[in-house]
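> 3D model of this:
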Amino acid sequence: MKDKKEFYTLLGELDGQPFSEYEQLVGDFDFGRYVVKCAKINTDPENDVPPVFVVRVPQTIAEIPEYLFDSPVRRTAMEDFLLRKQAEEVEKIANFDYRGVARRHIIASSPSQSIIPRNALVLTKEYIEVRLQIILPVQQAIVDGEPVAAIDGEMMRQIFFEDLSEVICNSMLYCNMDAAAADYFVNSMEDSNRVRQHLGATGLVAFLEEGAMVTRLTDSDLPDYARLNAIEIEESLIEEIEVPHAENVKGVTIPAGLTLILGESNSGRVDIMDAIAQGIYNHVPGDGRENVLTVPDAVSIRTEVGRPVQNVNISAFVTELADGTNPATFSTPAAGSFTSQAASTVEAMEAGARVLLFDEHSSSSTFLSSDSRVSSLLGESSRHTLASRARQIVDDLGISIVVGGSSLVAEFIPIADKILKVENFRITDVTEEAKTLEIEPTTIEAENITMASMLSRSRWIMPSSIDPSIGREDLLITTDDPSYLQFGRSFIDLEEIKQIADADQARAIGFVLYYAKLRYMDEGYPLREILDLIDRDLSNEGLSTLARELRGDLARPRRYEVAATLNRLPAFRVSHVTE
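Next up is the predicted model:
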């Protein structure tokens, strides 16, 4: 292993040399307080992906107290805290200096509002390991009268001996941290986790803390400070849950079963339904949703006109399709409003979802419910609404449903177990009052379709349809936004999968699909079993098992978003189905 003096000298020697000579930086270099490692540098002129450098800081230097990461939950929280500190330091360096020059050579993972396991940083009792991308600086040199890209050794010295040193020392050494902030961050995550454990142990679906701030900026997960409205809760609904660090949290719980949340779209209902959907993740202190928490197997279902569907049994919702095809094997390159939401509902249950979330604002009006008052005039319909199937889903499958709405949800009132009302972010219980309304629920004549038998159906993936290659590249998985993923030649539209936390998670989903193809699809496992196996592997081996090269830009996805992405892959095909 070379020391930092030798590295400094090497950079001077490389200054002005051809870009391909950057390969000499592969190896380990001891900087005293930390070690910098590089396993591979691609000097192909067509390659625009910066190399990954690993910085390992021994705990004898970092001195992070063990109590801050002595459990999986606290470890995830502390790793997230360190990543955020690192991102702040990188951003400081990236600012324009007095000469008007911005140094943007270090690329670090910048977590979203959600706290989830990532592979950008590993914290152990022995060391902290950080994975960073560094854009290799170039300068123009003249060779044989022609301009060529050459190594900028002086800029490399500035990056490694000034910028990187400042980032690491200010973000990874405990002596330079706000110890109280670190404690609060980790303890807050542990408190949230305790509430979620309480939900699972007591048969509840979600918890909304009194005083939570759930409003978000348009098309963003950041708080909307211009319209902050604290959730208020009717006193009779307030429950207390004991947590290990803060005072007991107070709020309203949503029970298992069928819950209806009434309210106009501008009353706070949509914000609350969105917060429940995002409650599958813990959130950073100050987000406003720290204690808006949902069980981890809840899936938000939205209408999605134009999405592809491949061999999904939607016969519980459709008895006859316009084109005459069999709804039990429904396939289309572009589903309509009703059929897209029906397919997404069945796919979520196939993936193992135990809670389904629907809101009128993002649903097909014909899928949610019909008007029983005119049903006799219209005659027999080939479509069955969610309202007509909801009770069966809850009672026969044990899957809970939460529906939010105002004008399209009346048919849920007679069959709901709990009915809450939201008005100006105030939540009240109107179950008894609503049950006095004379509303006839939609009924379905006796039939031979049962939800249980429908879900016993297994789809088997055609491995050749999962192809991440394009042109001469055998692997292209990329995204810089959670709303899409490029997977080989295919672009996957993820706009309506709102429970994907950020681009790192979307990118990881792409690598999960490729990993599943290589390891399990060729072995002949059905989709549901593949999701089980992937969950096991990610829990046992971590995110590093997904990529063949070192990366620091992946965040752990849930099985439900993996399945949802696969189902929207345009090339995805089902080889066969077993009952």
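> mind listing what residue 564 touches?
Taking CB atoms under 8 Å, 6 or more residues apart in numbering, we find residue 564 in contact with 344, 347, 348, 351, 494, 497. (Each C-beta comes from the backbone N, C-alpha and C, glycine too.)
> helix or strand for it, which one?
Element membership for residue 564, per DSSP states H and E: helix 559-568.
> Run me through the strand neighbours of the helix or strand following that helix, direction for each.
Using DSSP H and E, the helix or strand that follows helix 559-568 in sequence is strand 574-578. When pairing is defined by DSSP bridges, strand 574-578 lines up against strand 458-461 (antiparallel).
> Next, the buried residues of the strand it pairs with.
Burial within strand 458-461, assessed by neighbour count using 16 or more other CB atoms under 10 Å, is assigned to 459, 460, 461.
> The stretch 1-150 of the chain: helices as residue ranges?
Using DSSP state H, counting those that start in this stretch, the helices of the stretch 1-150 of the chain run over 4-14, 59-62, 72-94.
> List the buried residues for the first one?
So that's helix 4-14. Neighbour-count burial for helix 4-14 flags 4, 7, 8, 10, 11, 14 (criterion: 16+ other CB under 10 Å).
> Over to the shortest one?
Under the neighbour-count criterion of 16+ other CB under 10 Å, helix 59-62 has 59, 61, 62 buried.
> Please produce a markdown table containing those, extended by pLDDT.
As requested, the buried residues of helix 59-62 are exported to a markdown table (pLDDT from 0 to 100):
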| residue | pLDDT |
| --- | --- |
| 59 | 97 |
| 61 | 97 |
| 62 | 97 |
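> Residue 259 and residue 421, how far apart?
12 Å (CB to CB, to the nearest Å).
> tally of neighbours for residue 528?
16 (other CB atoms under 10 Å).
> my bad, residue 181
Other residues near residue 181 come to 12 when the count uses other CB under 10 Å.
> where does it land in three-state SS?
What DSSP: H, G, I helix; E, B strand; the rest coil gives for residue 181 is helix.
> OK, contacts around it?
residue 81.
> Could you rerun that using 7 Å?
The contact partners of residue 181, by CB atoms under 7 Å, 6 or more residues apart in numbering, come to none.
> now residue 391
By CB under 7 Å, 6+ apart, the contact list for residue 391 reads 258, 415.
> follow-up on the earlier one: higher neighbour count, residue 259 and residue 421?
Each of residue 259 and residue 421 has its neighbours counted (other CB under 10 Å); residue 259 has more, 25 against 19.
> I'd assumed residue 418 was in contact with the more buried one.
Yes: in this structure residue 259 lies within contact range of residue 418 using CB atoms under 7 Å: 4.6 Å.
> so where do the strands sit in the stretch 251-400 of the chain?
Secondary structure of the stretch 251-400 of the chain by DSSP state E, counting those that start in this stretch: the strands cover 258-262, 282-283, 292-294, 298-300, 309-312, 330-332, 355-359, 400-405.
> And the longest one, how far out from the chain middle?
Counting by CA atoms, centre = their mean, to the nearest Å, strand 400-405 is centred 21 Å from the centre of its parent chain.
> do the same with stretch 547-557
For stretch 547-557, the distance to the chain centre is 14 Å (CA atoms, centre = their mean).
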